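> Need the 3D shape of this:
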Amino acid sequence: MERAILHVDMDAFYASVEQHDHPEWRGKPVIVGAPPDARGVVSTCSYEARRFGVRSAMPSRQAYELCPQGIFVRPRMKRYQEASAAIFRIFGDVTPWVEGLSVDEAFLDVSGAQRLFGPPETIAQHLKQRILDTLGLTCSVGVAPNKFLAKLASEERKPNGLFVVPKAPQALLAWLGGKSVRALWGVGPRLAETLGRAGFQTVRDLQCADPTRLRALVTPAQSEHLMAIAFGRDTRPVEPEHEDKSFSREHTYPEDTLDREALRRDLRALAEDVGRRLRRHGLWAKTGRIKIRYAGFRTVTRQAPFPVPVCDDFALRDLAWALLERHLETETPVRLIGFGAENLTDTPSPLDPDDLFAHAEGNAHPRERLERLCHTLDKLRQRMTPTTPTEASATPSQKTETPEDIPCPPEFDC
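Just a heads-up that it's a prediction; the model follows:
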């Protein structure tokens, strides 16, 4: 049976969830991210806000200038994750071959599902309708024989769109040929600039290119890759067991700070948040990483290994503090602080049998005790965290869990 891949992309996911939970916000410009009076950026926004020029990663202050009537909402990551889990359960009812790219985006290989549910376009329509009926949310779906074409197709008719890539070879090449080279998987700004200077502006330019001339511009591997995807060829499989490679969290200060105690306090909170996410996913970290962005946007990242893979807040916090003490420039104001855990594994290292007498008495290993304590604290926090729709409009002091910080990118002066 012919290979059939879907790329499902939820429409303005965070903002759509907020509009669903707050019917009075439907049809209005909803902007999810930092408030306009704080340093930070827009995470996402509704299509009503995009008509005013608001977009993701824009400083919230700039978004307010463009759309002062916008409804600014702090992110509710727990609510979005709940909605995402429900969406992925719907995917799983159709095919086990689901590769999640983020909370609101996934590839589905429905090649085998055609026997039960019909052709790929019918499956795509079924998924769209079921997500709408179950969650009140819309999505855009691309249907194609491979991942690259499916992702490109999902962007064709947003929002709430469905596009099937042409099957006829000439029609496919014509559709692809009209795209900018920036639409190609793996072509970033620098490569696009290199190609553009040589006259390769569109995919059609690459389709007509002399391979020898192209190889003179880029590496042999890049040349081979560009020639393949310019003709719509992509052999990557849908990989259901996609592993998280890292967890990280950042905090941007309203004003640049030299307060070392504030840095330690906030770094501790970031490390504990990373720890909760590690334990929630049943993972241990082998490496910790700190990020410091100073006034002027100069950014320093430093990392160090843990003696053994860890997931408890104590080990994460201690390494974070050690890296801060070792690498902080005390005379330079700090704009942003961040902490991350990398080199993740789902298998902890064997326990160090140093305390033989404690084990003989049936007591847990010290590392086990710390992990159990952290799991207990996670359960207590979960019970105390509100999940009602009104949480979105609560002020920070009313919330029991700090929302995701949306850091300001270096190209903006937030």
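> Walking through the stretch 1-150 of the chain, point out its helices one by one.
Using DSSP state H, counting those that start in this stretch, the helices found in the stretch 1-150 of the chain span residues 13-21, 47-50, 60-66, 77-94, 114-117, 120-135, 147-154.
> Please render these as a markdown table that adds mean neighbour count to the earlier fields.
Bear in mind the C-beta positions are built from the backbone N, C-alpha and C, glycine included. A markdown table is the format used below for those (neighbours: other Cβ atoms under 10 Å):
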| stretch | mean neighbour count |
| --- | --- |
| helix 13-21 | 23 |
| helix 47-50 | 20 |
| helix 60-66 | 19 |
| helix 77-94 | 17 |
| helix 114-117 | 12 |
| helix 120-135 | 17 |
| helix 147-154 | 24 |
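> Switch these over to TSV; also include distance to residue 269 and mean pLDDT.
Shown next, in TSV, are those (distance: least, Cβ to Cβ, whole Å; pLDDT from 0 to 100):
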stretch	distance to residue 269	mean pLDDT
helix 13-21	22	97
helix 47-50	30	96
helix 60-66	21	95
helix 77-94	15	93
helix 114-117	46	90
helix 120-135	31	96
helix 147-154	36	96
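> Let me have those helices in JSON lines, extended by distance to residue 164.
Below are the helices of the stretch 1-150 of the chain laid out as JSON lines (distance: least, Cβ to Cβ, whole Å):
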{"stretch": "helix 13-21", "distance to residue 164": "23"}
{"stretch": "helix 47-50", "distance to residue 164": "23"}
{"stretch": "helix 60-66", "distance to residue 164": "35"}
{"stretch": "helix 77-94", "distance to residue 164": "17"}
{"stretch": "helix 114-117", "distance to residue 164": "14"}
{"stretch": "helix 120-135", "distance to residue 164": "5"}
{"stretch": "helix 147-154", "distance to residue 164": "7"}
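> Of those helices, which is nearest residue 248?
Minimum separation from residue 248 across the helices of the stretch 1-150 of the chain (Cβ to Cβ) falls at helix 77-94, 13.6 Å.
> what's the closest of the helices of the stretch 1-150 of the chain to residue 307?
Relative to residue 307, the nearest member of the helices of the stretch 1-150 of the chain by Cβ to Cβ is helix 77-94, separated by 30.8 Å.
> and the angle from the closest one to helix 13-21?
Relative orientation of helix 77-94 versus helix 13-21 (axes from the mean of the first three to the mean of the last three Cα atoms, to 10 degrees): 100 degrees.
> that older thread, how about the helices of the stretch 1-150 of the chain, which one is nearest residue 276?
Closest approach to residue 276 among the helices of the stretch 1-150 of the chain (Cβ to Cβ): helix 77-94, 10.9 Å.
> For the closest one, output the C-alpha coordinates as CSV.
Extracted C-alpha coordinates of helix 77-94, given in CSV (Å, rounded to 0.1, in the frame of the first residue of the first chain):
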residue,chain,number,x,y,z
MET,A,77,1.3,25.0,30.5
LYS,A,78,-0.5,22.4,32.6
ARG,A,79,-3.8,23.1,30.8
TYR,A,80,-2.1,23.0,27.4
GLN,A,81,-0.4,19.7,28.2
GLU,A,82,-3.8,18.2,29.2
ALA,A,83,-5.3,19.3,25.9
SER,A,84,-2.2,18.0,24.1
ALA,A,85,-2.5,14.6,25.8
ALA,A,86,-6.2,14.3,24.7
ILE,A,87,-5.2,15.2,21.1
PHE,A,88,-2.5,12.6,21.0
ARG,A,89,-4.9,9.9,22.4
ILE,A,90,-7.1,10.7,19.4
PHE,A,91,-4.0,10.2,17.1
GLY,A,92,-3.3,6.9,18.9
ASP,A,93,-6.8,5.6,18.1
VAL,A,94,-6.0,5.8,14.4
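> which strands and helices sit next to that helix?
When contacts are defined as 3 or more Cβ pairs under 8 Å, 6 or more residues apart in numbering; DSSP states H and E, helix 77-94 sits against helix 13-21, strand 98-102, strand 105-109, helix 120-135.
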